[in-house]
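*Asks:* quick one: sequence and predicted model below, then my questions.
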Amino acid sequence: MTYPSPEGATPAMAQWFALKAENPDALLFFRMGDFYELFFGDAQSAATALDISLTTRGTHAGAPIPMCGVPVAAAPAYLARLIRRGFRVAIAEQTATPESRKGGPKGPLPRAIVRLVTPGTLTEDDLLDASRQNLLLALASTGKRSAVRIGAAWIDISTGLFELASVSPMALPDLLARLDPAEILGDPALVTGEYVSRLAPTIAPPAPASARSILSRNLGVAQLDAIGDFPDEQCVAGALAVEYIRRTQAGRLPRLARPAQVETGAVLGLDPATRASLELLRARDGTTEHTLVSAIDRTLTAAGGRLLGLWLASPSTDLSLIIARQDAWSWLVTRTELADPLGRALRSAPDLARALGRLSAGRGQPRDLASVRDALTCADVIAGLLAGAGSAQGPRLIADAEQNLANRVPDLHAALNAALADDLPARVEDGGLIATGYSAELDRARSLRDDSRRVVAELQVRLQAELGLNSLKIRHHAQLGYVVEVPAAMGASLRDRPGLLFRQGTTSVARFSTEELASLDRAILDAGERALVLERQIFASLAEDTLASAALPEIAELFAFLDVVRGAAQLAQGGDWCRPEMRDDTAFTLRAMRHPVVEAALTGDARFVPNDCVLAPDARVMLLTGPNMAGKSTFLRQNAIAVVLAQAGLPLPARSGVIGIVDRLFSRVGAADDLARGRSTFMVEMTETAAILNQAGPRSLVVVDEIGRGTATLDGLAIAWATLEAVHSDLGSRCIFATHFHELTDLADTLPRLAPFTMAVREWRGDVVFQHEVRRGSAKRSWGVHVARLAGVPEVVVRRAAKLLGALEADHARARAPLPLFDAGQAAAPEPHDAPNAHSALHEAVANLDPDAMTPRAALDAIYALRKLALEDDTVLGRG
Ligand code: ADP
Ligand code: MG
């Protein structure tokens, strides 16, 4: 966006230029009466983005000024669109009204920026996604090149959440993927990929010492140490975030929770590739339809949905936390009578966290206080339900919930019950939000106003009679106040009438005022104003009491928590979901596990085939072969998903499960199909393989699909082989490794903890039937030609392919030296070239067959002969 020089601007435009200079990166919404107007480059950008008409207003430096505008009443919808398109918007309001300036200085009304609307600092329901957190993330790095620490601070001002962590540069991508922030502050060099577009304009980070004082001042504590031991990098990031928020809210900092330090090790390590591969909260195409969260979400409220998303985005590694969550929903499973009433109560609970967020940002409205009132009522109802079901003897989180919901802030609750009117206006300025009987002073002001209105009505009747004019009306007029209004034709006869003062004439009416009317007008105005002021004061004081209460954010969290565990209990109640046994070792046994998303997507009478997965210490690497479409990727994903669900503390779609806590989960399923980022498939694959080999350990679970697919066969085979060996022998991770290189199954002979499995396939009248069943053993064929037929490739092509395959296989066998299967460091293994003859004899025999010329009997004989050769072959290789 470019802008002309402000030189020679009209006074109003000079004001615009000054405000624009305060926030050059944001579109300036310049308040003019009932519109926000945009000028120059802002107008051009906004008109295009919003698809509204671009006009001009006045001139500047001899050229017309481009202009567009949006009505104030419709501004939220337009703001939402601009924010979604990556704009930031500065809102400049008039800070005085024309009336308040009567007789005062001339020139344009004073204006000031009251708010900078940015993606990470939103509080309005219109601008927020109810189902997701909305985070502002600040990053700050300290330390020298070899020991850089990155401090991260993230804040959701719509709920007051404030958390801090320190991470290594290598762990930063994980954190970004986990938090998925709406807006990022800090050194742009720290951020890559899709997150670059979420960077806010750079602001210089404060020095550590001043960062500490910024934080303690903003959090209202004398010494930061009093609330935690925060390293420098966290303080700098925290101060950056807090100061930025203050700036966007025109100097006012919304209520924030005490910053909580997050131990990144307390969370299951999930890197961006793993998250993408598992489609936890978002599918690869960015939609939310076929995701894990959509398949398991049984929550009833937006806050519950947000919390469930959070649990899935950051599963725990803390055994006691996981078990506490399991205990909570297991308890609900046994209290079937609670399900319905609890569900009803939760459904009636308002989105308290977001209401508190608006109140603390100074943008609260009457309905937000009503939300607080209803939430407190709801909290009592829920506490009663829990107590009635014996929560006191129940698990810790349930007993705590009951304790922290019952009868909290009773004074505030009573005050809100008494204060709020039945029919609430949308905005405080509209008046009428406080019920009669709450404040004697307010009631007096209102009755004065209403009495005077009645007197006005009586006056109209009196004047009609006195003047014999039934068409006379007393009306309220925007500029003139209360006036006597008569048809224009009658106007002239009243002009000289004593007591009537002519004010205005139009073609249809004449307007007069009287002494009495003027004083009534003043009285009504004063009483009305007074009532409004009183209402505003009462609102402000109730809002203040609300924000002072520590109970309310807790209640908001408990609603969300109960919603999530109620949903988990509902899943578990069906009988198809189980509570996994969680342990502090490396166990991994899933019985009859299913993939919840694939299962939900099956249509017709297709049934999902459950599968076991056992990764015992002596067989912790599972090698899975099988043709395309047999269900390998699904099986891989479902086992990775089991870890996410189990460590989130949620039920599993399985008959039973025993899982030793996983510290990092690596899933590379379907990665080969991810070309979106413009790197070659192979490069992506290798980068991701490198990440696994560099980071996985004995507590990790590694799930790899079709590694080496992106390159030439031999390259791919070699890389898959080496990776499998490394995972098996060096990393010691639990691993499921799916491959189409059937050659790798032979490695089971040399790698003691490798267990070969395959997808069961049945041949039926020359066609292949996938049974989706995982069995011990290895695949004999890849069935690619059959899959081609299933996919609808024309029969002639399929036949031709089958024929070519036969020839190629024979060729391949003849041309290639045997694979060096014993080159795995085992000195005892004979060198492959010790036995060239048996092998080539077999190849030669196969190659020399002429199937078209053979009788069935000759073919059978040939098979016997080949088998004999093959057995000799095995003997020579040491496997007989
Ligand atoms: P592969 O990775 O072996 O090519 P996929 O895992 O992609 O196979 O599965 C192919 C299709 O088979 C899936 O889209 C799904 O419809 C079906 N499928 C996979 N696993 C199962 C199962 N266990 N039960 C029923 N259908 C399954
Ligand atoms: Mg696959």
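*Replies:* In hand now; what should we look at? Ligands and ions are numbered 1, 2, ... in the order given.
*Asks:* surely residue 443 is in contact with residue 434?
*Replies:* No - using C-beta atoms under 8 Å, residue 443 is not in contact with residue 434; the gap is 9.4 Å. C-beta here means a position set from N, CA and C on the backbone, and glycine is covered the same way.
*Asks:* among these two, which residue is more densely surrounded?
*Replies:* Neighbours per residue (other C-beta atoms under 10 Å) separate residue 443 from residue 434, with residue 434 holding more: 26 against 16.
*Asks:* need the pLDDT of that one.
*Replies:* At residue 434, the model reports a pLDDT of 96.
*Asks:* grab the most central residue of this structure for me.
*Replies:* residue 132 (4.1 Å; C-alpha atoms, centre = their mean).
*Asks:* neighbours of residue 692, how many?
*Replies:* 26.
*Asks:* the residue nearest to the centre of the chain looks like it's in a strand, true?
*Replies:* No - with DSSP: H, G, I helix; E, B strand; the rest coil as the criterion, residue 132 is coil rather than part of a strand.
*Asks:* quick one, phi psi at it?
*Replies:* phi -130, psi 150 (degrees, to the nearest 10).
*Asks:* wait, it sits on residue 309?
*Replies:* Yes - counting by C-beta under 8 Å, residue 132 does reach residue 309; the two are 6.4 Å apart.
*Asks:* show me what contacts residue 627?
*Replies:* Applying C-beta atoms under 8 Å, 6 or more residues apart in numbering, we find residue 627 in contact with 759, 761, 768, 770, 779, 781-784, 786-787.
*Asks:* where's the closest residue to residue 218 other than its chain neighbours relative to ligand 1, distance?
*Replies:* Nearest non-adjacent residue to residue 218, counting by C-beta to C-beta, 6 or more residues apart in numbering: residue 242, 4.9 Å away. To ligand 1, residue 242 is 47 Å away according to C-beta to the nearest ligand atom, to the nearest Å.
*Asks:* just the buried positions in the helix or strand hosting residue 242, please.
*Replies:* Element membership of residue 242, judged by DSSP states H and E, is helix 232-248. Within helix 232-248, the residues scored as buried using 16 or more other C-beta atoms under 10 Å are 232-245, 247-248.
*Asks:* can you name the farthest residue from the center of this structure?
*Replies:* Residue farthest from the centre of the chain, counting by C-alpha atoms, centre = their mean, is residue 496 at 72.6 Å.
*Asks:* from ligand 1, how far out is that one?
*Replies:* Counting by C-beta to the nearest ligand atom, the gap from residue 496 to ligand 1 is 93 Å.
*Asks:* could I get the pLDDT score of that residue?
*Replies:* 82.
*Asks:* before we move on, what about residue 680?
*Replies:* Residue 680 is given a pLDDT of 65.
*Asks:* next one: residue 578
*Replies:* 97.
*Asks:* please tell me how far it sits from residue 494.
*Replies:* Distance of residue 578 to residue 494, given as C-beta to C-beta, to the nearest Å: 89 Å.
*Asks:* okay, the two: which has more neighbours?
*Replies:* Shown here are residue 578 and residue 494; by other C-beta under 10 Å, residue 578 has more neighbours (20 against 16).
*Asks:* check contacts around the more buried one.
*Replies:* Residues in contact with residue 578 (C-beta under 8 Å, 6+ apart) are 572, 651-652, 654-657.
*Asks:* out of those residues, which are buried?
*Replies:* By 16+ other C-beta under 10 Å, the contacts of residue 578 give 572, 651-652, 654-655, 657 as buried.
*Asks:* pretty sure residue 123 sits against residue 355.
*Replies:* No - at 9.8 Å, residue 123 does not count as touching residue 355 under the criterion of C-beta under 8 Å.
*Asks:* quick one: which helix or strand includes the spatially closest residue to residue 795 that is not a sequence neighbour?
*Replies:* The spatial neighbour of residue 795 that comes closest, neighbours along the chain excluded (C-beta to C-beta, 6+ apart), is residue 789 at 7.3 Å. For residue 789, the element it lies in under DSSP H and E is helix 784-790.
*Asks:* again, but for residue 328
*Replies:* Using DSSP H and E, residue 328 falls in helix 319-333.
*Asks:* list the buried residues of that helix.
*Replies:* By neighbour count on 16+ other C-beta under 10 Å, the buried set for helix 319-333 is 322-333.
*Asks:* equivalent analysis for stretch 756-766, please.
*Replies:* For stretch 756-766, by 16+ other C-beta under 10 Å, it's 756-761.
*Asks:* render the CA-only coordinates of stretch 190-197 in PDB, please.
*Replies:* Extracted as PDB, the C-alpha positions of stretch 190-197 are listed here (Å, rounded to 0.1, in the frame of the first residue of the first chain):
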ATOM      1  CA  LEU A 190      12.800 -18.500  13.800                       C
ATOM      2  CA  VAL A 191       9.700 -19.200  11.800                       C
ATOM      3  CA  THR A 192       9.400 -21.200   8.500                       C
ATOM      4  CA  GLY A 193       6.800 -22.700   6.200                       C
ATOM      5  CA  GLU A 194       3.100 -22.000   6.500                       C
ATOM      6  CA  TYR A 195       3.700 -20.000   9.700                       C
ATOM      7  CA  VAL A 196       5.600 -17.200   8.000                       C
ATOM      8  CA  SER A 197       2.300 -15.700   6.900                       C
END
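*Asks:* pull out the buried positions in that stretch.
*Replies:* Buried residues in stretch 190-197 (16+ other C-beta under 10 Å): 190-191, 195.
*Asks:* near ligand 1, list only the ones from these.
*Replies:* Near ligand 1, judged by C-beta under 6 Å from any ligand atom, there are no entries from the buried residues of stretch 190-197.
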